[in-house]
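>>> need the 3D shape of this:
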Amino acid sequence: MKLLHVLVLLAVAAGLASCTQPVDRTKPIAATNVYKMEEGFVDAGSVMIYYKAIGSGEPLVALHGGPGASHDYLLPGLISLARDSRLILIDERGSGRSQKLDDVSGYTVENMVEDVEAVRVALGLGKINLLGHSYGGVLAQAYALKYQQNLSHLILCSTFHSTKQLNDVFAQMKAKMSPELRARIDAMEKAGLYGLGKDYAKGRYTSDYMEAAWGEGYYPYLYGARPDANFDPAGMGVMSWDLYRVMWGSDGEFVVTGNLASVEYADRLGLLTVPTLITVGDHDQVGPSISRDMQSKIPGSKIVVLPDSGHMTFVDQPKLFVEAVDEFIRPRR
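Model prediction:
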């Protein structure tokens, strides 16, 4: 009994001593709820493309809209997708942190397709899930039509496959405006939208036009359930304007006359065999009718119309949007 008593006392003393040892705070603590972020640039040959990668797992590449915006507006809306995927966002050529071109004729959908492929190869991604929002969805379609063997899933969000149809939607949008707003926008467009005001502002829309077109004309079609209280029409003007003009055109927000006018994929969408999900807001800027037409042309594709949602579906309905994408990529058994 004495020996057992001694052993117990020694064990207690050792335990107390260990409790008084200083904790080494310099050693990392393994945690499954920490999502590391990687960023860098891929040399795509003629241009350096910025990328940001978050999380791990099957790669999900996200393409932003504009054209000429950046990946920034996709966050934090898409961030929860990084829980189960390696979420990779890029800035398209000439946009955001990616390199700008001296020759604006290099800003084409076809060239951006090759940039996406260069990122896929450089990062060793293998087959990818590809998500495109707005103009990014146009780019995603063009990529799929050339490189669908590299895709596991295709997600097309609030986008279009036909500029003719998009211009029809814009014409209808304009016709529904109040006569005063429509007349104000028409007058500014007729007078010309560039080269006005202070020297620093001559390469972009005037503040009055931004307010009229984006703040009044588009706004009802941008948001629904959760309008962004920080929305500022002038903030939408933070973009690559040389790229925007050559791709969208110089005639205003309600008609596409730049090189995007060549986007007419209706006759080719039937060639897609990759599983495809189409999402759209019920009063989306691009028009749910366009999404339904796309769905009818892509074999086996699925469409999700998000309720009380405009163009920014992942802001208006973040839970429903993420659930739709996650369930499509990893269907429950």
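>>> find the nearest non-adjacent residue to Gly300, please.
In space, and not counting its chain neighbours, Gly300 is closest to Pro275: 6.9 Å by CB to CB, 6 or more residues apart in numbering. Using the backbone N, CA and C atoms, a C-beta is placed for each residue, glycine as well.
>>> quick one: contacts for the one you found?
152-154, 300-301, 328 (CB atoms under 8 Å, 6 or more residues apart in numbering).
>>> same deal with Pro288?
By CB under 8 Å, 6+ apart, the neighbours of Pro288 are 280-282, 305.
>>> most neighbours among the residues you listed, please name it.
Gly281 (31 neighbours; other CB atoms under 10 Å).
>>> distance of that one relative to Gly126?
From Gly281 across to Gly126, the span is 32 Å (CB to CB, to the nearest Å).
>>> ditto for Phe41
Phe41 sits 21 Å away from Gly126, going by CB to CB.
>>> and Lys36, by the same measure?
20 Å.
>>> the more surrounded of those two?
With neighbours defined as other CB under 10 Å, Lys36 and Gly126 compare such that Gly126 has more, 11 against 8.
>>> show the pLDDT at the more buried one.
Note on Gly126: pLDDT of 98.
>>> and for Ser46?
Confidence score, pLDDT, at Ser46: 89.
>>> burial check on it, number of neighbours?
14.
>>> and it, what does it touch?
Applying CB under 8 Å, 6+ apart to Ser46 gives the contacts 101, 106, 111.
>>> and Ala201, its phi and psi?
Main-chain torsions, Ala201, degrees, to the nearest 10: phi -110, psi 0.
>>> check Pro233 too.
Torsion angles, degrees, to the nearest 10, at Pro233: phi -50, psi -40.
>>> residues contacting it?
The contact partners of Pro233, by CB under 8 Å, 6+ apart, come to 210-211, 213-215.
>>> looking at it, Val138 is touching Ser262, isn't it?
No. In this structure Val138 lies outside contact range of Ser262 using CB atoms under 8 Å: 10.6 Å.
>>> these two - which one has more neighbours?
Ranked by neighbour count (other CB under 10 Å), Val138 and Ser262 place Val138 first, with 26 against 10.
>>> next helix or strand past the helix or strand containing the more buried one?
For Val138, the element it lies in under DSSP states H and E is helix 135-147. For helix 135-147, the succeeding helix or strand toward the C-terminus, using DSSP H and E, is strand 151-157.
>>> report the buried residues of the helix or strand just after that following strand.
Beyond strand 151-157 on the C-terminal side, the first helix or strand identified by DSSP H and E is helix 163-175. For helix 163-175, burial by neighbour count (16 or more other CB atoms under 10 Å) applies to 163, 165-167, 169-170, 173-174.
>>> rewinding a little: let me know the closest of the contacts of Pro288 to Arg226.
Closest to Arg226 out of these is Gly281 (11.6 Å), distances taken as CB to CB.
>>> before we move on, back to that, keeping just the C-alphas, turn the helix holding Val138 into CSV.
Provided in CSV are the C-alpha atoms of helix 135-147 (Å, rounded to 0.1, in the frame of the first residue of the first chain):
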residue,chain,number,x,y,z
TYR,A,135,-20.2,38.4,-69.1
GLY,A,136,-18.2,35.7,-67.3
GLY,A,137,-21.0,33.2,-68.4
VAL,A,138,-20.4,34.2,-72.0
LEU,A,139,-16.7,33.4,-71.5
ALA,A,140,-17.6,30.1,-69.8
GLN,A,141,-19.7,29.1,-72.8
ALA,A,142,-17.0,30.0,-75.2
TYR,A,143,-14.5,28.0,-73.2
ALA,A,144,-16.9,25.0,-73.0
LEU,A,145,-17.5,25.1,-76.8
LYS,A,146,-13.7,24.7,-77.3
TYR,A,147,-12.5,22.8,-74.3
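>>> could you say what helices and strands that helix packs with?
With contacts defined as 3 or more CB pairs under 8 Å, 6 or more residues apart in numbering; DSSP states H and E, the packing partners of helix 135-147 are strand 58-63, helix 109-122, strand 128-133, strand 151-157.
>>> can you tell me which of the ones you listed comes nearest to Ala234?
For the helices and strands packed on helix 135-147, the distance to Ala234 is smallest for strand 128-133, at 21.4 Å, taking CB to CB.
>>> identify the residues contacting that closest one?
Under CB under 8 Å, 6+ apart, the answer for strand 128-133 is 58-65, 74, 78, 85, 116, 120, 138-141, 143-144, 150-159, 314, 325, 329.
>>> the inter-axis angle of it versus strand 151-157?
Strand 128-133 and strand 151-157 are oriented at 10 degrees to each other (axes from the mean of the first three to the mean of the last three CA atoms, to 10 degrees).
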